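Student: just a sequence and a predicted model for now, questions to come.
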Amino acid sequence: MTHLDLTILVIDENAIRASIIEEGLHEAGHSRVTVVHEVNGIARVIESLQPDVIFIDLENPNRDMMEHLFQLTRTVGRPIAMFVDRSDTASIEAAVDAGVSAYIVDGLKKERVKPILDMAVSRFNAFSRLQRELADAKSALEERKIVERAKGILMKMRSLSEEQAFALLRQTAMNEKKKIADIAQSVVTAAGLLM
Amino acid sequence: MITKITDFSGDNGLAAPARLASEGSRTLRAGFIPLVDASVLIAASEFGFAQKEGIVLDLVKDVSWANVRDRLAFRQFDIAHMLSPMPVASMLGLGSNPSPANTAFSLGRGGNAITLSIQLYARMGQEASLNETASALEHAHALAKVIRAMKARSEPLPTLGVTYPFSSHNYEFRYWLAAGGIDPDHDVKLVVVPPPMTSDALAAGAIDGFCVGAPWNMVASERGVGRIVAAKHDIWPSAPEKVIGMRPEWVESNPETVSRLIVALDAAAHWCDQPDNHAALSEALGNSRYIAAPVDTIRRVLAGEFNLDDQGNRRIIDGYFQFHANFANYPRPSQALWIYTQMIRWGQAGLSSKGLTAAATAYRPDLYRLALGANAAPLLDDDLRVEGASDGDRFVDGHVFDPTRIADYLAKFPVKSSAIGNSSGEDI
């Protein structure tokens, strides 16, 4: 068998992110991948699965429960340590930075685990990027909507053309050193109070 | 067996050295878990004590002790609010990521309590005819009776929650259980529950009791789902609770910042101890950036006013929280060694001279003395003092801890892990 016969467990309450990691592992040729979304009953899962590598996201408050389990496994002889090579601090820091931690069964060679860890880190980062972009897109859409509403109010109340209304918003934003969306929001709020 | 590890360069009776400007104003990222025992750290940031020393504290709330440990180890945090056993565990190489951590400042005493479910408490009342003012030890004996009855009827044994394998809560819960004659590894099932979830877990019947820090015991008792049966104070009043953890390598390269930080924390701790400041402190702690719990509950917790249940049974514990008085911030090596004995007692570590040195070096009174001067510190000879030997400072089972006679101390406990004795020095 090759290095691909490792048993990998992914614990992530975020189902979308978990599936992104799972897909990455499958693409890299790993077939023995189990994904769980909650830590209830995790002790039994670990016992029956005997994973070589466990990934868990750092947002999960139940990580301390995992520490407790590993402390127990230490006494039954399947010690698990976080990360595989303590000398490789750059890649460990990258993982913590990305928000993922990895537990690895004692005795595994780092050449076997490093590619998996790197993959998980890049997928975690990709997911955060995706989330950020989504949030940005959402707020951009919201801002556009609010500017449209402000324009409409100005056009109606001050009998301006659409272009003039937009120019007024932009000029006011520049004068007050604020974002055009913020000025638009104040127009909408003020109109709500006055009308 | 024990050697003096540090050179105590601050032991000259002089005040703190004049601070050089070389390290300049500094922003320190500090990780914390939302608990009342993070008060000193939060107050240092909120009420100007850090600023006065040229330090900006960037406080980052985290969700697990394992995260706090890893983020400190991998430089996302400069300093961290930690459980007092965490630096000891790290120096002993215990846990899944034993990166070295030291502490030069303890955040005070007190704050923990043991809460059992209303159902379990009612059963203790039936089995042992408890009255409302029963002591912590009487409660432990009553629980032991209930467990014997459960075993006789083959009922499922109680599941009890702690916060982390290397926590004061784990050792205090075990200490209390064992004092009542209960074997924590066989007579009950200990699990880990994140503190903010304890009261829900108790209400849902997922656990039958827990030991955590404030305000979570009070939150459960006021909801009517739990009954407080012992406070940290009852188990061992001098027990250290949380500490400020730092990487030894960071301490070496930032000596001036470490000193300034200790000065700032010392001033903040003194401020937190004054009852007049508790209103302002509760207000700050209750904020969603910090503990996000009712300000009123936090105020009562700070005053040591316990609602034991929702039936109006109350108890007032003097000095339930001690942030500063009686050298509460001094990182006393004998306390690090006591923590080590509990790790040995419950099979987490083996006893060896190497382990003794490692455990004692986790606590750095030398840095405390250097920053605050010897006059602000207790007698140097008391660094390895006998614990639990004076009135007002007894262990719940009456044992006395002599840090120079650890093997004898451990031998006296009737209840301990069966793994003890099998472990050798190689463990460390």
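Tutor: Happy to help now that I have it. Numbering: from 1, shown residues only, chains lettered A, B, ... in the order given.

Student: show me where the stretch 101-250 of chain B has strands.
Tutor: Using DSSP state E, counting those that start in this stretch, the strands of the stretch 101-250 of chain B run over residues B:102-106, B:109-110, B:113-117, B:159-162, B:189-192, B:209-212, B:226-231, B:242-246.

Student: tell me which of those sits nearest to chain A.
Tutor: When the strands of the stretch 101-250 of chain B are compared by C-beta to the nearest C-beta, strand B:189-192 sits nearest chain A, at 4.0 Å. Just so you know, the C-beta spots here come from the backbone N, C-alpha and C atoms, and that holds for glycine as well.

Student: would you map out the domains in the chain?
Tutor: In the absence of a named chain, chain A is used. Domain segmentation of chain A under automatic domain parsing yields A:3-133, A:137-194.

Student: my bad, chain B
Tutor: Listed by automatic domain parsing, the domain ranges of chain B are B:26-109+B:241-290+B:323-397, B:113-235.

Student: how long is the first one end to end?
Tutor: Taking C-alpha to C-alpha, to the nearest Å as the measure, domain B:26-109+B:241-290+B:323-397 stretches 46 Å from start to finish.

Student: buried ones in the strand or helix carrying residue A:173?
Tutor: Under the criterion of DSSP states H and E, residue A:173 resides in helix A:162-175. Buried residues in helix A:162-175, counted by 16 or more other C-beta atoms under 10 Å in any protein chain shown: A:165-166, A:168-169, A:172-173.

Student: what do you get for stretch B:189-205?
Tutor: Going by neighbour count (16+ other C-beta under 10 Å), the buried part of stretch B:189-205 is B:190-199, B:201-203.

Student: give me the mean pLDDT for that stretch.
Tutor: For stretch B:189-205, mean pLDDT is 92.

Student: which one of the buried residues of helix A:162-175 is nearest to chain B?
Tutor: Ranked by distance to chain B (C-beta to the nearest C-beta), the buried residues of helix A:162-175 are led by residue A:173 at 30.3 Å.

Student: how near is that closest one to residue A:190?
Tutor: Residue A:173 sits 15 Å away from residue A:190, going by C-beta to C-beta, to the nearest Å.

Student: do the same with residue A:60
Tutor: 44 Å.

Student: which one's more surrounded, the two?
Tutor: Under the criterion of other C-beta atoms under 10 Å in any protein chain shown, the comparison of residue A:60 against residue A:190 puts residue A:60 first, with 23 against 12.

Student: doesn't the more buried one belong to a helix?
Tutor: No - secondary structure of residue A:60 (DSSP: H, G, I helix; E, B strand; the rest coil): coil, not part of a helix.

Student: what sits against it?
Tutor: Contact analysis of residue A:60 by C-beta atoms under 8 Å, 6 or more residues apart in numbering or on different chains lists A:11-13, A:39, B:63-64.

Student: wait, residue A:191 touches residue A:157, no?
Tutor: Yes - the pair residue A:191 / residue A:157 is scored as a contact, 7.5 Å apart, by C-beta atoms under 8 Å.

Student: who has more neighbours out of these two?
Tutor: Set side by side, residue A:191 and residue A:157 show more neighbours around residue A:191, with 16 against 13, by other C-beta under 10 Å.

Student: three-state assignment of that one?
Tutor: Per three-state DSSP, residue A:191 ends up helix.

Student: excluding residues flanking it in the chain, which one is nearest it?
Tutor: Spatial nearest neighbour of residue A:191, chain neighbours left out: residue A:153 (4.7 Å); criterion: C-beta to C-beta, 6 or more residues apart in numbering or on different chains.

Student: now the angle from the helix or strand harbouring the one you found to helix A:162-175?
Tutor: If you go by DSSP H and E, residue A:153 is part of helix A:110-158. Counting by axes from the mean of the first three to the mean of the last three C-alpha atoms, to 10 degrees, helix A:110-158 lies at 120 degrees to helix A:162-175.

Student: from the middle of its chain, how far away would helix A:110-158 be?
Tutor: 12 Å (C-alpha atoms, centre = their mean, to the nearest Å).

Student: which helices and strands sit right next to that helix?
Tutor: Contact analysis of helix A:110-158 by 3 or more C-beta pairs under 8 Å, 6 or more residues apart in numbering or on different chains; DSSP states H and E lists helix A:15-27, strand A:53-57, helix A:89-98, strand A:100-105, helix A:162-175, helix A:180-194 as its packing neighbours.
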